[in-house]
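S.K.: Starting from these lines, generate the structure:
(4 chains)
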Number of protein chains: 2
Amino acid sequence: MSPRPADPAVRSELVDTAARLLAEEGRKGFTVRRLAAEVGVSTMAVYTHFGSMEEVRQAVRREGFARLGERLDAVRPTDDPVADLAASGVAYITTGLDHPQLYREMFPDRPIGQRATGLDGGAGAAAGGDEAFGRLVGGVRRCVDAGRFEDVGELGARGWAVQLWTMWHGMVSLAVAGLMPVEHVSLHYTDMSWRLFVGYGDDRVSARASLQEALF
Amino acid sequence: MSPRPADPAVRSELVDTAARLLAEEGRKGFTVRRLAAEVGVSTMAVYTHFGSMEEVRQAVRREGFARLGERLDAVRPTDDPVADLAASGVAYITTGLDHPQLYREMFPDRPIGQRATGLDGGAGAAAGGDEAFGRLVGGVRRCVDAGRFEDVGELGARGWAVQLWTMWHGMVSLAVAGLMPVEHVSLHYTDMSWRLFVGYGDDRVSARASLQEALF
DNA sequence: GCTGTTATATAACGGCGTTATGGGATACTT
DNA sequence: AAGTATCCCATAACGCCGTTATATAACAGC
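M.R.: So this is what the prediction gives:
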(Lines give C-alpha, C1' and ligand atoms only; values in the text may rest on other atoms or scores of the structure.)
Protein backbone atom coordinates (compact mmCIF):
# COMPACT_ATOMS: atom_id res chain seq x y z
CA MET A 1 0.00 0.00 0.00
CA SER A 2 2.92 2.25 -0.54
CA PRO A 3 3.13 4.65 -3.42
CA ARG A 4 5.56 4.90 -6.25
CA PRO A 5 8.33 7.18 -5.00
CA ALA A 6 9.04 10.38 -6.89
CA ASP A 7 12.45 10.61 -8.46
CA PRO A 8 14.41 13.20 -6.45
CA ALA A 9 16.89 13.55 -9.31
CA VAL A 10 14.10 14.90 -11.48
CA ARG A 11 13.34 17.57 -8.93
CA SER A 12 16.86 18.91 -8.67
CA GLU A 13 17.22 18.74 -12.41
CA LEU A 14 14.06 20.79 -12.72
CA VAL A 15 15.45 23.42 -10.35
CA ASP A 16 18.80 23.57 -12.14
CA THR A 17 17.16 23.79 -15.53
CA ALA A 18 14.75 26.42 -14.28
CA ALA A 19 17.63 28.53 -12.98
CA ARG A 20 19.48 28.11 -16.26
CA LEU A 21 16.43 28.98 -18.34
CA LEU A 22 15.80 32.05 -16.24
CA ALA A 23 19.43 33.14 -16.47
CA GLU A 24 19.76 32.50 -20.20
CA GLU A 25 16.39 33.48 -21.53
CA GLY A 26 14.84 35.65 -18.87
CA ARG A 27 11.31 35.56 -17.53
CA LYS A 28 9.88 35.12 -21.00
CA GLY A 29 11.59 31.80 -21.62
CA PHE A 30 10.72 30.53 -18.17
CA THR A 31 7.53 28.54 -18.79
CA VAL A 32 6.21 25.17 -17.63
CA ARG A 33 6.17 23.70 -21.08
CA ARG A 34 9.66 24.91 -21.90
CA LEU A 35 10.99 23.70 -18.57
CA ALA A 36 9.38 20.27 -18.93
CA ALA A 37 10.57 19.89 -22.50
CA GLU A 38 14.12 20.88 -21.55
CA VAL A 39 14.28 18.25 -18.82
CA GLY A 40 12.51 15.71 -21.02
CA VAL A 41 9.42 15.14 -18.94
CA SER A 42 5.80 16.17 -19.28
CA THR A 43 4.39 19.30 -17.73
CA MET A 44 2.65 17.21 -15.09
CA ALA A 45 6.01 16.16 -13.67
CA VAL A 46 6.50 19.78 -12.68
CA TYR A 47 3.22 19.72 -10.79
CA THR A 48 4.06 16.55 -8.90
CA HIS A 49 7.39 17.88 -7.66
CA PHE A 50 6.07 21.41 -7.18
CA GLY A 51 2.55 22.52 -6.53
CA SER A 52 2.68 25.40 -8.95
CA MET A 53 4.98 27.49 -11.07
CA GLU A 54 5.26 29.92 -8.17
CA GLU A 55 6.81 27.20 -6.03
CA VAL A 56 9.28 26.49 -8.81
CA ARG A 57 10.22 30.14 -8.69
CA GLN A 58 10.61 29.89 -4.95
CA ALA A 59 12.90 26.90 -5.34
CA VAL A 60 14.92 28.85 -7.89
CA ARG A 61 15.09 31.71 -5.42
CA ARG A 62 16.47 29.36 -2.78
CA GLU A 63 18.95 28.01 -5.29
CA GLY A 64 20.03 31.56 -6.13
CA PHE A 65 20.66 32.39 -2.48
CA ALA A 66 22.51 29.11 -2.07
CA ARG A 67 24.82 30.01 -4.93
CA LEU A 68 25.25 33.47 -3.49
CA GLY A 69 26.20 31.84 -0.20
CA GLU A 70 28.82 29.75 -1.98
CA ARG A 71 30.29 32.84 -3.56
CA LEU A 72 30.40 34.56 -0.19
CA ASP A 73 31.96 31.50 1.42
CA ALA A 74 34.63 31.52 -1.25
CA VAL A 75 35.88 34.71 0.39
CA ARG A 76 38.17 33.14 2.93
CA PRO A 77 38.45 35.14 6.13
CA THR A 78 41.80 36.77 6.66
CA ASP A 79 43.05 38.49 9.80
CA ASP A 80 41.57 41.74 8.49
CA PRO A 81 37.77 41.68 8.97
CA VAL A 82 37.25 45.03 7.25
CA ALA A 83 38.98 43.82 4.13
CA ASP A 84 36.91 40.65 4.33
CA LEU A 85 33.73 42.68 4.47
CA ALA A 86 34.73 44.71 1.45
CA ALA A 87 35.62 41.53 -0.39
CA SER A 88 32.25 40.05 0.49
CA GLY A 89 30.66 43.06 -1.12
CA VAL A 90 32.66 42.46 -4.26
CA ALA A 91 31.56 38.83 -4.27
CA TYR A 92 27.93 39.82 -3.75
CA ILE A 93 27.88 42.44 -6.49
CA THR A 94 29.78 40.24 -8.90
CA THR A 95 27.30 37.44 -8.35
CA GLY A 96 24.39 39.73 -9.07
CA LEU A 97 25.96 41.16 -12.19
CA ASP A 98 26.88 37.72 -13.51
CA HIS A 99 23.31 36.45 -13.42
CA PRO A 100 21.01 39.47 -13.41
CA GLN A 101 17.78 37.63 -14.19
CA LEU A 102 18.43 35.08 -11.48
CA TYR A 103 19.37 37.83 -9.05
CA ARG A 104 16.22 39.76 -9.79
CA GLU A 105 14.11 36.68 -9.23
CA MET A 106 15.55 36.44 -5.73
CA PHE A 107 13.71 39.64 -4.75
CA PRO A 108 10.14 39.01 -5.87
CA ASP A 109 7.12 41.24 -5.64
CA ARG A 110 5.14 40.75 -2.51
CA PRO A 111 1.40 40.20 -3.01
CA ILE A 112 -0.15 43.63 -2.83
CA GLY A 113 -1.92 43.53 0.47
CA GLN A 114 0.88 41.79 2.29
CA ARG A 115 2.73 43.40 5.14
CA ALA A 116 6.45 43.91 4.83
CA THR A 117 8.35 41.73 7.20
CA GLY A 118 12.02 41.32 6.64
CA LEU A 119 15.43 40.04 7.54
CA ASP A 120 16.08 43.03 9.69
CA GLY A 121 12.83 42.33 11.48
CA GLY A 122 13.54 38.75 12.28
CA ALA A 123 10.66 36.63 11.07
CA GLY A 124 9.55 35.80 7.57
CA ALA A 125 12.32 36.80 5.19
CA ALA A 126 13.00 35.60 1.73
CA ALA A 127 13.76 32.00 0.88
CA GLY A 128 17.36 31.49 1.96
CA GLY A 129 18.01 35.19 2.22
CA ASP A 130 18.15 35.12 6.00
CA GLU A 131 21.15 32.82 5.89
CA ALA A 132 23.08 35.16 3.60
CA PHE A 133 22.05 38.07 5.81
CA GLY A 134 23.26 36.23 8.91
CA ARG A 135 26.60 35.71 7.24
CA LEU A 136 26.80 39.43 6.61
CA VAL A 137 25.91 40.29 10.20
CA GLY A 138 28.67 37.95 11.33
CA GLY A 139 31.16 39.74 9.11
CA VAL A 140 30.19 43.09 10.56
CA ARG A 141 30.34 41.77 14.10
CA ARG A 142 33.85 40.53 13.50
CA CYS A 143 34.82 44.08 12.60
CA VAL A 144 33.14 45.47 15.68
CA ASP A 145 34.72 42.85 17.95
CA ALA A 146 38.11 43.65 16.50
CA GLY A 147 37.54 47.28 17.37
CA ARG A 148 37.64 48.37 13.76
CA PHE A 149 34.20 49.96 13.72
CA GLU A 150 33.30 52.67 16.15
CA ASP A 151 30.01 54.47 16.31
CA VAL A 152 28.01 51.32 15.65
CA GLY A 153 24.96 53.36 16.55
CA GLU A 154 21.66 52.34 18.02
CA LEU A 155 21.05 49.89 15.21
CA GLY A 156 24.12 47.87 16.04
CA ALA A 157 25.83 45.36 13.81
CA ARG A 158 22.52 44.44 12.21
CA GLY A 159 22.06 48.04 11.19
CA TRP A 160 25.44 48.10 9.55
CA ALA A 161 24.61 44.87 7.76
CA VAL A 162 21.30 46.20 6.47
CA GLN A 163 22.95 49.32 5.18
CA LEU A 164 25.73 47.40 3.50
CA TRP A 165 23.15 45.19 1.87
CA THR A 166 21.26 48.31 0.84
CA MET A 167 24.37 49.60 -0.91
CA TRP A 168 25.18 46.29 -2.54
CA HIS A 169 21.64 45.65 -3.63
CA GLY A 170 21.17 49.19 -4.85
CA MET A 171 24.27 48.98 -7.00
CA VAL A 172 23.38 45.63 -8.50
CA SER A 173 19.83 46.76 -9.18
CA LEU A 174 20.77 50.05 -10.80
CA ALA A 175 23.44 48.40 -12.91
CA VAL A 176 21.15 45.56 -13.96
CA ALA A 177 18.35 48.01 -14.79
CA GLY A 178 20.77 49.91 -16.97
CA LEU A 179 20.82 53.08 -14.86
CA MET A 180 24.43 52.67 -13.85
CA PRO A 181 26.93 51.42 -16.43
CA VAL A 182 28.53 48.22 -15.21
CA GLU A 183 31.99 49.61 -15.87
CA HIS A 184 31.33 52.31 -13.27
CA VAL A 185 30.20 49.90 -10.58
CA SER A 186 33.71 49.22 -9.36
CA LEU A 187 34.50 52.90 -8.99
CA HIS A 188 31.24 53.69 -7.24
CA TYR A 189 31.58 50.73 -4.94
CA THR A 190 35.05 51.77 -3.92
CA ASP A 191 34.04 55.39 -3.48
CA MET A 192 30.87 54.65 -1.54
CA SER A 193 32.48 52.02 0.68
CA TRP A 194 35.14 54.57 1.45
CA ARG A 195 32.54 57.08 2.56
CA LEU A 196 30.60 54.57 4.61
CA PHE A 197 33.54 52.83 6.23
CA VAL A 198 36.03 55.63 6.55
CA GLY A 199 34.19 58.92 6.44
CA TYR A 200 35.73 62.30 5.84
CA GLY A 201 38.00 62.66 8.78
CA ASP A 202 41.62 61.71 8.53
CA ASP A 203 41.19 59.13 11.22
CA ARG A 204 40.43 55.49 10.78
CA VAL A 205 43.56 54.90 8.78
CA SER A 206 43.37 51.18 9.37
CA ALA A 207 40.01 50.83 7.67
CA ARG A 208 41.27 52.96 4.84
CA ALA A 209 44.25 50.71 4.27
CA SER A 210 42.08 47.61 4.35
CA LEU A 211 39.77 49.00 1.75
CA GLN A 212 42.59 49.96 -0.52
CA GLU A 213 43.58 46.33 -0.81
CA ALA A 214 40.19 44.67 -0.86
CA LEU A 215 38.14 46.83 -3.16
CA PHE A 216 37.95 45.90 -6.78
CA MET B 1 -8.40 61.58 -47.86
CA SER B 2 -7.53 62.09 -44.27
CA PRO B 3 -7.92 59.44 -41.66
CA ARG B 4 -10.08 59.33 -38.64
CA PRO B 5 -8.13 60.89 -35.76
CA ALA B 6 -7.45 58.95 -32.60
CA ASP B 7 -8.87 60.31 -29.40
CA PRO B 8 -5.98 61.56 -27.26
CA ALA B 9 -8.17 61.48 -24.17
CA VAL B 10 -8.47 57.73 -24.53
CA ARG B 11 -4.69 57.39 -24.56
CA SER B 12 -4.11 59.28 -21.35
CA GLU B 13 -6.99 57.50 -19.71
CA LEU B 14 -5.40 54.22 -20.72
CA VAL B 15 -2.11 55.25 -19.13
CA ASP B 16 -3.78 56.40 -15.93
CA THR B 17 -5.87 53.27 -15.67
CA ALA B 18 -2.85 51.11 -16.42
CA ALA B 19 -0.91 52.80 -13.63
CA ARG B 20 -3.82 52.39 -11.26
CA LEU B 21 -4.32 48.75 -12.17
CA LEU B 22 -0.64 48.06 -11.69
CA ALA B 23 -0.60 49.85 -8.35
CA GLU B 24 -3.77 48.26 -7.04
CA GLU B 25 -3.61 44.77 -8.41
CA GLY B 26 0.02 44.25 -9.35
CA ARG B 27 1.42 42.64 -12.44
CA LYS B 28 -1.21 39.93 -12.34
CA GLY B 29 -4.13 42.29 -12.83
CA PHE B 30 -2.34 44.26 -15.48
CA THR B 31 -3.68 42.70 -18.70
CA VAL B 32 -4.94 44.07 -22.01
CA ARG B 33 -8.43 42.79 -21.54
CA ARG B 34 -8.68 44.09 -18.01
CA LEU B 35 -7.27 47.45 -19.04
CA ALA B 36 -9.61 47.79 -22.00
CA ALA B 37 -12.65 46.75 -19.99
CA GLU B 38 -11.77 49.19 -17.20
CA VAL B 39 -11.57 52.09 -19.64
CA GLY B 40 -14.64 50.86 -21.49
CA VAL B 41 -13.09 50.22 -24.88
CA SER B 42 -12.14 47.11 -26.79
CA THR B 43 -8.70 45.58 -26.63
CA MET B 44 -7.95 46.89 -30.11
CA ALA B 45 -8.05 50.45 -28.81
CA VAL B 46 -4.97 49.62 -26.80
CA TYR B 47 -3.20 48.52 -29.94
CA THR B 48 -4.07 51.65 -31.89
CA HIS B 49 -2.76 53.98 -29.19
CA PHE B 50 0.16 51.72 -28.31
CA GLY B 51 1.90 49.20 -30.49
CA SER B 52 2.03 46.54 -27.82
CA MET B 53 1.59 45.90 -24.15
CA GLU B 54 5.29 46.55 -23.67
CA GLU B 55 4.78 50.12 -24.92
CA VAL B 56 1.94 50.54 -22.46
CA ARG B 57 4.33 49.48 -19.74
CA GLN B 58 6.86 51.99 -21.03
CA ALA B 59 4.24 54.74 -20.89
CA VAL B 60 3.41 53.72 -17.35
CA ARG B 61 7.11 53.88 -16.56
CA ARG B 62 7.24 57.42 -17.89
CA GLU B 63 4.16 58.29 -15.88
CA GLY B 64 5.77 56.86 -12.79
CA PHE B 65 8.88 58.97 -13.24
CA ALA B 66 6.72 62.02 -13.93
CA ARG B 67 4.91 61.49 -10.63
CA LEU B 68 8.23 60.98 -8.90
CA GLY B 69 9.37 64.27 -10.42
CA GLU B 70 6.30 66.00 -9.02
CA ARG B 71 7.01 64.62 -5.58
CA LEU B 72 10.60 65.82 -5.82
CA ASP B 73 9.49 69.23 -7.04
CA ALA B 74 7.18 69.49 -4.08
CA VAL B 75 10.32 69.73 -1.97
CA ARG B 76 10.76 73.49 -2.17
CA PRO B 77 14.41 74.56 -2.10
CA THR B 78 15.42 76.37 1.06
CA ASP B 79 18.67 78.16 1.72
CA ASP B 80 20.11 74.91 3.02
CA PRO B 81 20.95 72.66 0.06
CA VAL B 82 22.06 69.76 2.25
CA ALA B 83 18.73 69.71 4.02
CA ASP B 84 17.03 69.90 0.63
CA LEU B 85 18.96 66.89 -0.56
CA ALA B 86 18.00 64.90 2.49
CA ALA B 87 14.38 65.94 2.03
CA SER B 88 14.52 64.84 -1.61
CA GLY B 89 15.62 61.45 -0.42
CA VAL B 90 12.64 61.29 1.90
CA ALA B 91 10.35 62.24 -0.97
CA TYR B 92 11.92 59.63 -3.23
CA ILE B 93 11.71 56.81 -0.73
CA THR B 94 8.19 57.75 0.32
CA THR B 95 7.05 57.71 -3.28
CA GLY B 96 8.52 54.27 -3.82
CA LEU B 97 6.99 52.88 -0.65
CA ASP B 98 3.58 54.37 -1.44
CA HIS B 99 3.29 52.62 -4.80
CA PRO B 100 5.66 49.66 -4.75
CA GLN B 101 4.31 47.91 -7.84
CA LEU B 102 4.48 51.08 -9.87
CA TYR B 103 7.95 51.80 -8.55
CA ARG B 104 9.16 48.36 -9.44
CA GLU B 105 7.81 48.70 -12.96
CA MET B 106 9.99 51.78 -13.40
CA PHE B 107 13.10 49.61 -13.29
CA PRO B 108 12.38 46.87 -15.81
CA ASP B 109 14.50 43.92 -16.82
CA ARG B 110 16.75 44.61 -19.70
CA PRO B 111 16.53 42.08 -22.55
CA ILE B 112 19.20 39.53 -21.77
CA GLY B 113 21.78 40.24 -24.42
CA GLN B 114 21.53 43.98 -24.08
CA ARG B 115 24.46 46.04 -22.88
CA ALA B 116 24.03 48.16 -19.80
CA THR B 117 24.00 51.81 -20.57
CA GLY B 118 22.80 54.15 -17.91
CA LEU B 119 22.06 57.56 -16.57
CA ASP B 120 25.53 57.85 -15.18
CA GLY B 121 26.86 56.98 -18.59
CA GLY B 122 24.89 59.59 -20.49
CA ALA B 123 23.00 57.91 -23.30
CA GLY B 124 20.11 55.53 -23.14
CA ALA B 125 18.63 55.67 -19.67
CA ALA B 126 15.18 54.68 -18.57
CA ALA B 127 12.02 56.42 -19.74
CA GLY B 128 11.94 59.68 -17.84
CA GLY B 129 14.55 58.55 -15.37
CA ASP B 130 17.22 60.82 -16.79
CA GLU B 131 15.18 63.87 -15.85
CA ALA B 132 14.81 62.78 -12.26
CA PHE B 133 18.49 61.94 -12.18
CA GLY B 134 19.35 65.39 -13.57
CA ARG B 135 17.33 66.93 -10.79
CA LEU B 136 19.33 64.96 -8.27
CA VAL B 137 22.65 66.01 -9.80
CA GLY B 138 21.49 69.61 -9.59
CA GLY B 139 20.72 69.20 -5.91
CA VAL B 140 24.16 67.78 -5.24
CA ARG B 141 25.84 70.53 -7.25
CA ARG B 142 24.05 73.14 -5.20
CA CYS B 143 25.64 71.61 -2.12
CA VAL B 144 29.05 71.57 -3.73
CA ASP B 145 28.72 75.16 -4.97
CA ALA B 146 27.73 76.26 -1.49
CA GLY B 147 30.89 74.68 -0.17
CA ARG B 148 28.98 72.17 1.91
CA PHE B 149 30.52 69.07 0.34
CA GLU B 150 34.23 68.57 0.36
CA ASP B 151 36.01 65.58 -1.06
CA VAL B 152 33.74 65.33 -4.07
CA GLY B 153 36.20 62.86 -5.47
CA GLU B 154 37.02 61.95 -9.01
CA LEU B 155 33.43 61.07 -9.78
CA GLY B 156 32.22 64.57 -9.04
CA ALA B 157 28.67 65.62 -8.36
CA ARG B 158 27.36 62.92 -10.69
CA GLY B 159 29.12 60.33 -8.58
CA TRP B 160 27.48 61.65 -5.46
CA ALA B 161 24.13 61.57 -7.22
CA VAL B 162 24.58 57.99 -8.35
CA GLN B 163 25.50 56.89 -4.87
CA LEU B 164 22.58 58.73 -3.31
CA TRP B 165 20.28 57.08 -5.83
CA THR B 166 21.90 53.76 -4.99
CA MET B 167 21.07 54.25 -1.33
CA TRP B 168 17.51 55.42 -2.01
CA HIS B 169 16.80 52.71 -4.51
CA GLY B 170 18.38 50.05 -2.36
CA MET B 171 16.24 51.01 0.60
CA VAL B 172 13.02 51.13 -1.39
CA SER B 173 13.82 47.81 -3.05
CA LEU B 174 14.71 45.99 0.13
CA ALA B 175 11.69 47.36 1.91
CA VAL B 176 9.35 46.55 -0.96
CA ALA B 177 10.79 43.06 -1.28
CA GLY B 178 10.15 42.55 2.40
CA LEU B 179 13.78 42.27 3.45
CA MET B 180 13.72 45.47 5.46
CA PRO B 181 10.63 46.27 7.53
CA VAL B 182 9.17 49.55 6.38
CA GLU B 183 9.11 50.84 9.94
CA HIS B 184 12.92 50.60 10.01
CA VAL B 185 13.42 52.51 6.77
CA SER B 186 13.34 55.89 8.45
CA LEU B 187 15.97 54.92 11.01
CA HIS B 188 18.24 53.34 8.43
CA TYR B 189 17.88 56.27 6.08
CA THR B 190 18.81 58.70 8.81
CA ASP B 191 21.72 56.59 9.97
CA MET B 192 23.10 55.90 6.52
CA SER B 193 22.69 59.48 5.32
CA TRP B 194 24.59 60.51 8.40
CA ARG B 195 27.46 58.22 7.52
CA LEU B 196 27.52 59.27 3.88
CA PHE B 197 27.10 62.99 4.42
CA VAL B 198 28.86 63.52 7.70
CA GLY B 199 31.22 60.66 8.29
CA TYR B 200 32.88 59.82 11.58
CA GLY B 201 34.96 62.84 12.22
CA ASP B 202 33.64 65.60 14.39
CA ASP B 203 33.91 68.05 11.54
CA ARG B 204 31.21 68.97 9.10
CA VAL B 205 28.92 70.16 11.84
CA SER B 206 26.87 72.16 9.37
CA ALA B 207 25.85 69.10 7.39
CA ARG B 208 25.08 67.34 10.61
CA ALA B 209 22.74 70.10 11.73
CA SER B 210 21.00 70.12 8.36
CA LEU B 211 20.37 66.42 8.50
CA GLN B 212 18.99 66.58 11.96
CA GLU B 213 16.17 68.77 10.72
CA ALA B 214 15.50 67.24 7.33
CA LEU B 215 15.57 63.53 7.97
CA PHE B 216 12.36 61.77 8.70
C1' DG C 1 -21.84 62.37 -51.76
C1' DC C 2 -18.05 59.74 -52.80
C1' DT C 3 -13.60 57.92 -51.66
C1' DG C 4 -9.60 56.90 -49.17
C1' DT C 5 -7.81 56.24 -44.65
C1' DT C 6 -7.92 55.08 -40.07
C1' DA C 7 -10.22 53.75 -35.30
C1' DT C 8 -12.42 50.43 -33.22
C1' DA C 9 -15.23 45.97 -32.43
C1' DT C 10 -15.54 40.92 -33.08
C1' DA C 11 -13.42 36.87 -33.36
C1' DA C 12 -9.74 33.98 -33.96
C1' DC C 13 -4.70 31.98 -33.06
C1' DG C 14 -1.00 30.14 -30.54
C1' DG C 15 0.87 29.86 -26.00
C1' DC C 16 0.44 30.28 -21.11
C1' DG C 17 -0.55 28.08 -16.11
C1' DT C 18 -3.34 24.78 -14.36
C1' DT C 19 -6.29 20.66 -13.93
C1' DA C 20 -9.08 16.38 -15.17
C1' DT C 21 -8.39 11.83 -16.78
C1' DG C 22 -6.26 7.61 -17.23
C1' DG C 23 -2.55 4.17 -17.70
C1' DG C 24 1.33 1.97 -15.64
C1' DA C 25 4.87 1.40 -12.15
C1' DT C 26 5.65 0.42 -7.33
C1' DA C 27 5.45 -1.60 -2.64
C1' DC C 28 2.78 -3.61 0.70
C1' DT C 29 -0.65 -7.43 1.90
C1' DT C 30 -2.11 -12.06 1.82
C1' DA D 1 2.90 -15.20 -6.39
C1' DA D 2 -1.14 -12.72 -7.02
C1' DG D 3 -3.80 -8.87 -5.65
C1' DT D 4 -4.31 -4.19 -4.71
C1' DA D 5 -3.75 0.33 -3.06
C1' DT D 6 -1.09 4.20 -4.13
C1' DC D 7 1.09 7.59 -6.51
C1' DC D 8 4.00 9.23 -10.80
C1' DC D 9 3.47 11.04 -14.94
C1' DA D 10 1.73 11.55 -20.00
C1' DT D 11 -2.29 13.21 -22.76
C1' DA D 12 -5.67 16.35 -23.39
C1' DA D 13 -8.55 19.85 -22.11
C1' DC D 14 -9.97 24.60 -19.84
C1' DG D 15 -9.80 29.44 -19.34
C1' DC D 16 -6.73 32.93 -19.60
C1' DC D 17 -3.04 35.75 -21.92
C1' DG D 18 -0.92 39.00 -25.85
C1' DT D 19 -1.52 39.64 -30.47
C1' DT D 20 -3.60 39.76 -35.04
C1' DA D 21 -6.93 39.08 -39.09
C1' DT D 22 -11.22 40.70 -40.60
C1' DA D 23 -15.07 43.67 -40.92
C1' DT D 24 -17.53 47.76 -39.89
C1' DA D 25 -17.95 52.52 -38.68
C1' DA D 26 -16.23 57.27 -38.49
C1' DC D 27 -13.77 60.86 -40.25
C1' DA D 28 -11.25 64.26 -43.88
C1' DG D 29 -10.70 65.83 -48.51
C1' DC D 30 -12.46 65.99 -53.40
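
S.K.: hey, where'd the helices end up in chain A?
M.R.: For chain A, applying DSSP state H gives helices covering A:8-25, A:32-39, A:43-49, A:53-73, A:81-98, A:100-105, A:129-145, A:156-177, A:182-193, A:205-214.

S.K.: out of those helices, which comes closest to B:Arg195?
M.R.: Closest to B:Arg195 of the helices of chain A, according to C-beta to C-beta: helix A:156-177, at 7.5 Å. All C-beta spots, glycine's among them, are computed from the backbone N, C-alpha and C.

S.K.: can you list the domains in chain A?
M.R.: Under the assignment automatic domain parsing, the domains of chain A span A:1-51, A:60-214.

S.K.: can you give me the mean pLDDT across the first one?
M.R.: Read it as domain A:1-51. For domain A:1-51, mean pLDDT rounds to 91.

S.K.: Likewise for the last one?
M.R.: Here the mean pLDDT over domain A:60-214 is 82, rounded to a whole number.

S.K.: does that domain come close to DNA strand C?
M.R.: No - judged by C-beta under 7 Å from any atom of the strand, domain A:60-214 stays clear of DNA strand C, getting no closer than 12.4 Å.

S.K.: And that domain, how far out from the chain middle?
M.R.: Mean-position distance between domain A:60-214 and its chain equals 8 Å (C-alpha atoms, centre = their mean, to the nearest Å).

S.K.: again, but for stretch A:44-53
M.R.: From the chain centre to the centre of stretch A:44-53 is a distance of 26 Å (C-alpha atoms, centre = their mean).

S.K.: Between the two ends of that stretch, how far is it?
M.R.: One end of stretch A:44-53 to the other measures 11 Å (C-alpha to C-alpha, to the nearest Å).

S.K.: for it, which positions count as buried?
M.R.: Under the neighbour-count criterion of 16 or more other C-beta atoms under 10 Å in any protein chain shown, stretch A:44-53 has A:45-46, A:49-50 buried.

S.K.: could the helices of chain A go into TSV alongside distance to B:Asp16?
M.R.: Converted to TSV, these look like this (distance: least, C-beta to C-beta, whole Å):
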stretch	distance to B:Asp16
helix A:8-25	33
helix A:32-39	34
helix A:43-49	38
helix A:53-73	30
helix A:81-98	34
helix A:100-105	27
helix A:129-145	35
helix A:156-177	24
helix A:182-193	35
helix A:205-214	48
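
S.K.: Out of those, which one sits most buried?
M.R.: Stretch with highest mean neighbour count among the helices of chain A: helix A:156-177 (a mean of 24; mean count of other C-beta atoms under 10 Å in any protein chain shown).
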